[in-house]
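1. can you look at this prediction? I've put the sequence above it.
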Amino acid sequence: MSESCNSVPKSVEIKIVGVSAELETEVQDLLGSLVDMIGQKIDLAGLDGITFASDYHQALLDLDRGYATDYKLTPSNDHGVGIAMSPRVIRDSKLKTHIIIDAGMFLGLLKAKNSDIAINTVAHECAHVELNHLFDVAFPGALLRTKENVLDHFRTDCMLACWDEFAACWRSASIGPSSQLVYEAAFLPALEQTRPAANSAIMEYRTHADIGVVMNKVCGLYGNLLKYSAYHLGNLHGHGIDWHTVKTTADALQDHWFLPFFERLERACKVIAVDYGNWKNSAPFDVLRDIAEDLVADGGMHFERHADDQISLDIPMTIETMPVPPHLWR
């Protein structure tokens, strides 16, 4: 889009919650100016509004999603502390995106003279607004409104997480500083910890036999590894950096079991990016879905489709996922 065009809807409200009166006007003006600037580079036509809240956790819970759901929004805290989120909502039967920002963390960044990081955070969330809008235009009704079986739900969740984070990092890369160290700091621990944690979850399943528990745990772990990879790759792509030249990442991936999946993820996201906003069908996105399913299969969980949209799950015994016999405990 043209950088001279401000795409921010005139009706958008910036809601300030739990901030002192003397700061409220200042924050309103700051966020308003910031979003106007970002709106010249990123399409914000799908923005529902912005909530700037001192109680970030409660603001996520209080958000009117516009549709029935039991899923509760919570801050991310697995490999980093989340300070902003851009949930999809339904307004007048149309998909929109609402940005929620943690006031304490945001103001803390400003106080610590890290305004460039604060700006990039807002830009990243604004990029999600653009992404959700473009995806909804290309595939009407696909977001929030489609019921899927457990396998397709996992595949779609991973596809959306990977593409959204890759593209949001790529699209917001020019607004604020490089976040290479931040995203790498989330990716490297996940790279090291995911397989052992997933194997441990499968070993525990041998005892508790709860298929739902093991499926959610293992799929969540491998899904997060793909998501953190997408963050890292998208940021590097936005800054024109080849990950092979990032020594810490290249060294960690050398001869690693995850390397083929990392390379497939990068190729798939870059293919989708080439036709950004002009996708003719879901085939490029299906590649991401397949990567997610292949990854959990590599980790020892194999899905199988049956008639009537039924799904079965096979978790064969392997050396890595067999429980330790009691007589070997020490």
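-> Perfect, thanks for sending it.
2. can you report how many residues neighbour residue 95?
-> Residue 95: 23 surrounding residues under other CB atoms under 10 Å. Quick note: C-beta positions are derived from backbone N, CA and C, even for glycine.
3. once you drop chain neighbours, what's closest to it?
-> Excluding the flanking residues, the one nearest residue 95 by CB to CB, 6 or more residues apart in numbering is residue 136, at 4.5 Å.
4. measure that neighbour to residue 185 for me?
-> 32 Å (CB to CB, to the nearest Å).
5. between these two, which one's more packed in?
-> Between residue 136 and residue 185, counting by other CB under 10 Å, residue 136 is the more crowded of the two (20 against 15).
6. wait, that one touches residue 146, no?
-> No - if you go by CB atoms under 8 Å, residue 136 and residue 146 don't touch, sitting 11.8 Å apart.
7. helices of the protein, residue ranges please.
-> 21-38, 56-62, 103-111, 115-138, 150-172, 180-208, 211-238, 247-253, 259-274, 283-298 (DSSP state H).
8. who touches the last one?
-> Identification of contacts with helix 283-298 by CB atoms under 8 Å, 6 or more residues apart in numbering yields 151, 154-156, 158-159, 162-163, 218-219, 222-223, 225-226, 257, 261, 264-265, 268-269, 271-272, 275, 279, 303.
9. state the pLDDT value of the residue nearest to residue 95.
-> Confidence at residue 136, expressed as pLDDT, is 96.
10. now residue 97
-> 98.
11. show the contacting residues for it.
-> 46, 47, 48, 86, 87, 88, 89, 128, 129, 132, 133.
12. which one of the helices of the chain lies nearest to residue 308?
-> helix 150-172 (13.6 Å; CB to CB).
13. poorly predicted segments of the stretch 201-330 of the chain, please.
-> For the stretch 201-330 of the chain, the stretches with pLDDT under 70 are 324-330.
14. look up how far residue 105 lies from residue 40.
-> In terms of CB to CB, residue 40 sits 26 Å off from residue 105.
15. how about residue 65?
-> 23 Å.
16. do residue 247 as well
-> With CB to CB as the criterion, residue 247 and residue 105 are 30 Å apart.
17. of those two, who's got more company?
-> residue 105 (16 against 8).
18. check the more buried one and give its pLDDT.
-> 91.
19. tell me which strands the longest strand along the chain pairs with, and in which orientation.
-> For the chain, the strand that runs over the most residues, judged by DSSP state E, is strand 94-102. Paired neighbours of strand 94-102 in the sheet (DSSP bridges): strand 47-53 (parallel), strand 84-85 (antiparallel), strand 88-91 (antiparallel).
20. report the angle between the axes of that strand and helix 115-138?
-> 160 degrees (axes from the mean of the first three to the mean of the last three CA atoms, to 10 degrees).
21. and the angle for strand 94-102 with helix 21-38?
-> Going by the same axes, to 10 degrees, strand 94-102 makes 130 degrees with helix 21-38.
22. what about strand 94-102, distance to the chain center?
-> A distance of 14 Å separates the centroid of the chain from that of strand 94-102, by CA atoms, centre = their mean, to the nearest Å.
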